[in-house]
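> No sequence on hand, only this structure:
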């Protein structure tokens, strides 16, 4: 007969082995970039990271257009026309986001908070099947901050977006550099796949730097309005 401690240990092992974070998809995005695309991503990401507050309205419309396209493709596939579903979803949410700009900023701020706390959950190697609990804390905190101080929400989601694009570009360049070494090395691959703390730290450090810089720039900009 199998004892209760053995069953508990097996259940704990099963929980730890559940893979929720799409590491393979993230790695695919990194490895699919060419040298030129990676440099462009870093350049755009730095601008996004530091000056996203100046173009946040455009960024909000783009974000919701992409969300609408994704939802439209899903619904369109079930209806038999993924392309027209994607186009309809893109147009609908991008148009709706313009008059509802403040609400959209709050939603993006809440989503950014959820991504950051989910990253912390992953970094501390907690069971991934419960990562939604960590994300929920960030969504609630980010949403509350966004409703109280909308500028904080703008800085949060633009810094996070710029950080993500910049980090992917940098990792792509490092990966490409490793491929031309003799012998070929796989340090970036190993860090991304085997070190849970690596990606969250790589994402959060530039994000915090971006928030600090944007806050400094906004204070010196008299014409900035939400």
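Looks like it came in fine. What you are looking at is a predicted structure, and each value in this text was computed from that prediction instead of being measured.
> Quick one: neighbours of the closest residue to residue 33 other than its chain neighbours, just the number.
Nearest-residue entry for residue 33: residue 172, 4.0 Å, with adjacent residues in sequence omitted and distances by Cβ to Cβ, 6 or more residues apart in numbering. (Each C-beta comes from the backbone N, C-alpha and C, glycine too.) Other residues near residue 172 come to 23 when the count uses other Cβ atoms under 10 Å.
> count of neighbours near the nearest residue to residue 197 once chain neighbours are set aside?
The shortest distance from residue 197 to any residue other than its chain neighbours is 4.4 Å, reached at residue 123 (Cβ to Cβ, 6+ apart). Here the number of neighbours of residue 123 (other Cβ under 10 Å) works out to 18.
> Show the pLDDT at residue 123.
We note a pLDDT of 95 for residue 123 in this prediction.
> buried stuff in the helix or strand that contains the residue nearest to residue 33?
With the criterion set as DSSP states H and E, the secondary-structure element containing residue 172 is helix 150-179. By neighbour count on 16 or more other Cβ atoms under 10 Å, the buried set for helix 150-179 is 150-176.
> ok, now stretch 36-51?
Neighbour counts over stretch 36-51 (16+ other Cβ under 10 Å) mark 38, 41-42, 45-46, 48-51 as buried.
> Repeat that for stretch 70-88.
Residues 71-73, 76, 85-88 are the ones in stretch 70-88 that count as buried (16+ other Cβ under 10 Å).
> For the chain, just list every one of the helices.
Using DSSP state H, the helices of the chain run over residues 4-17, 23-31, 35-51, 56-79, 82-97, 101-123, 131-148, 150-179, 187-194, 198-219.
> pLDDT averaged over the first one, what's the number?
Mean per-residue pLDDT for helix 4-17: 48.
> Equivalent analysis for the longest one, please.
Taken as a whole, helix 150-179 has an average pLDDT of 94.
> report the angle between the axes of that helix and helix 56-79?
Taking axes from the mean of the first three to the mean of the last three Cα atoms, to 10 degrees, one finds helix 150-179 and helix 56-79 inclined to each other by 70 degrees.
> Check which helices and strands helix 150-179 is in contact with.
Judged by 3 or more Cβ pairs under 8 Å, 6 or more residues apart in numbering; DSSP states H and E, the packing partners of helix 150-179 are helix 23-31, helix 35-51, helix 56-79, helix 101-123, helix 131-148, helix 187-194, helix 198-219.
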